[in-house]
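Peer 1: need the 3D shape of this:
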Amino acid sequence: MNHDHDHIRKPEGFVEEKLYVLPEYWMKELEQEELTASLFITDIGYFPNAQYHFRERLEGSPSHIFIFCEAGAGWIELNHGERMHLQQGDMMIIPPETAHRYGAMQENPWSIYWFHFKGSHANRLVQLFGLSNAPLSLSPSGKARLIEWFVPAFEMLAERTYALTTHIHVAQTVRQLLSGIGLSAGKSAQEKKRETYLEQAVQYMNGHMGGSISLIELANHVGVSKQHLIYLFNSETGVSPIEYFLRLKIQRAGHLLDLTELSIKEVSSAVGIHDPYYFSRLFKKISGFSPSSYRKIPKG
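Peer 2: Down below sits the predicted model:
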């Protein structure tokens, strides 16, 4: 099977990548430890904008390989079969002992979160929750669940790999992650429709961060009644659409305070709040800090 971009392959390394590989001595210990033998992580990483990324394992891997495409696009082949494409928001689990190859698309290379896992429960868990052998589009809650799990799990493994309790904790949480993704993927058509409405509403909010929007305008964009939109937000997020929009504004303002030299007044205007005093009160109410105090907090 010939593909134009396969001749350009990047063997190792991406800017700002994250990578942890379990040492061999830990592999043996975790296979024997009763709290990890059923399921544990062997490798974990994040490859952003992974141009020319390519892997081929003709004999397969001893572990299951979980790949989530956060952005861009890529492809996976199993047993020299048909090429399956992963777009933004898709995930796939490659089964163990299965010949495979995968890589980033040349024009729009993927950014991927990935990990390898093994154990006596791995096959059963993957099969029972319908996570094997084909790409699966994650719901918004599934994406959030994955990224919220990945960051602390990676940091614990990379920084506290010497502690058995670290590996036990990560092993317990990956079981919850996989089952949660499986449950999310099995949602009814009605539940998926609700999540689509919410996703459309949040995208619209993000696109109008520098201004204001009305409830009617938002409901018309999504294609539901104003009352139904309020119901969806209250049931799924615990707050009204307008309150959620304000929280998004404050979240964006926090990023601007962290990453730019803009004044507080300029940050306030950038998120569509033109009264800096109201902005400061709102920022403190939602974040717990005044904008100036928040900016002084060491981060990273």
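
Peer 1: across the sheet, point out what pairs with the spatially closest residue to Glu70 that is not a sequence neighbour.
Peer 2: With sequence-adjacent residues excluded and distances taken as CB to CB, 6 or more residues apart in numbering, Glu70 is closest to Ser111, at 4.6 Å. (Each C-beta comes from the backbone N, C-alpha and C, glycine too.) Taking DSSP bridges as the rule, Ser111 bridges to Ala71.

Peer 1: separation between Ser111 and His64?
Peer 2: Per CB to CB, to the nearest Å, Ser111 is found 21 Å from His64.

Peer 1: before we move on, what about Leu248?
Peer 2: 36 Å.

Peer 1: do Lys28 as well
Peer 2: 19 Å.

Peer 1: before we move on, what about Val174?
Peer 2: For Val174 relative to His64 (CB to CB), the value is 11 Å.

Peer 1: overlap in contacts of the two?
Peer 2: Taking CB atoms under 8 Å, 6 or more residues apart in numbering as the criterion, Val174 and His64 both touch Phe117.

Peer 1: residue boundaries of the strands in this structure?
Peer 2: Using DSSP state E, the strands of the chain run over residues 18-21, 40-47, 54-57, 64-71, 74-78, 84-86, 90-94, 100-104, 111-118, 136-137.

Peer 1: who does the shortest one touch, helix- and strand-wise?
Peer 2: Using 3 or more CB pairs under 8 Å, 6 or more residues apart in numbering; DSSP states H and E as the contact test, the elements touching strand 136-137 are strand 90-94.

Peer 1: put the alpha carbons of the strand it packs on into PDB.
Peer 2: What follows is strand 90-94, C-alpha atoms only, in PDB (Å, rounded to 0.1, in the frame of the first residue of the first chain):
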ATOM      1  CA  ASP A  90     -11.200  10.400  17.900                       C
ATOM      2  CA  MET A  91      -9.500   7.600  19.900                       C
ATOM      3  CA  MET A  92      -8.500   4.000  19.200                       C
ATOM      4  CA  ILE A  93      -7.000   1.100  21.100                       C
ATOM      5  CA  ILE A  94      -4.600  -1.200  19.300                       C
END
